[in-house]
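**Student:** Fold the following for me, if possible:
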Amino acid sequence: MLIEIRELEAHPIDFDEELPPESIDLGPDWRQTDPLKSSGHAQLVEEHHGKRQLIQDIRVVGKLKTRIETACARCLEPVPQDISRDFDLLYRPQGADAGQQETPVTTAEAEVSYYQGEGLLLEDVLREQILLGAPLRAICREDCKGLCPTCGKNLNLEKCGCSQAVEDDRWNALKYIRSKLNN
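**Tutor:** As a prediction, this is how the structure comes out:
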C-alpha cells in the first residue's frame, strides 16, 4: 500500500491490512510465518524550516502483530518469535535536511526516517518495525548444546561418536592462573 502525499493533502489515511505469510522480505535471517496484521493511520505534518521552507512530513501511527522465524544460533533448529509492536513514526522527504549546518543530533531527530518520491510504502514501514522487534540472536532454549563441531550432529537430539578435541597448549598459562585464584 502506497501512502501518497497527494492523498494526505486531502485527508488522513486509515489502514487496516492483513498480509499473508512471507509477503514481506525480512532478509536472509528471518521469515514471516503467520499473517501480518496491522492497523493505524497516516497524516501529513507540515513543518517550517526557516522562514520560507515548508516540509511535508508523513506521520504514521499504528500497531502490528505477526510471527517470524529464524534458525537457532547454536543448533540451527527453527526458532519462532512473536512480534507485537505499537509505533509512532515521522518520515521526512529525503534531502530535506541537506545543506544545513552540522549540529548534534537530538533524540527527536534520531527518530526521523526519510521517504523518496511521491509517498511511502506501508510495507517498508512494517518491515522496519518487525526487524526492530526481532532479537539480534535467537536461541531455541537456554541449555541448547548446539552442533558437534566435527560431524555437525545436533547434540540436543543425539550424542555423536566424535573424539574430544585435543586441548590447545596455549591456554595452559591461563588455566594455571585460574587454579591459583581458586586455591
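**Student:** Walk me through the domains of the chain.
**Tutor:** Taking automatic domain parsing as the reference, the chain has its domains at 2-133, 147-183.
**Student:** Nearest to residue 140, out of those domains?
**Tutor:** domain 2-133 (4.1 Å; CB to CB). C-beta: built from backbone N, CA, C; applies to glycine.
**Student:** Please state the offset of the closest one from the chain centre?
**Tutor:** 11 Å (CA atoms, centre = their mean, to the nearest Å).
**Student:** Might you list the low-confidence residue ranges for this protein?
**Tutor:** Within the chain, the segments meeting pLDDT under 70 span 49-50, 95-110, 164-166.
**Student:** Any buried residues in the biggest strand by length in it, and which?
**Tutor:** Among the segments of the chain that qualify as a strand by DSSP state E, the longest is strand 53-71. Residues of strand 53-71 classed as buried by neighbour count (16 or more other CB atoms under 10 Å): 56-58, 60, 62, 64, 66, 68-70.
**Student:** Quick check: of the residues you listed, which lies closest to residue 132?
**Tutor:** Nearest to residue 132 out of the buried residues of strand 53-71 is residue 64 (CB to CB; 10.8 Å).
**Student:** so what's the closest one up against?
**Tutor:** Residues near residue 64 by CB atoms under 8 Å, 6 or more residues apart in numbering: 36-38, 83-85, 87, 126, 129-130.
**Student:** Brilliant, that's me finished.
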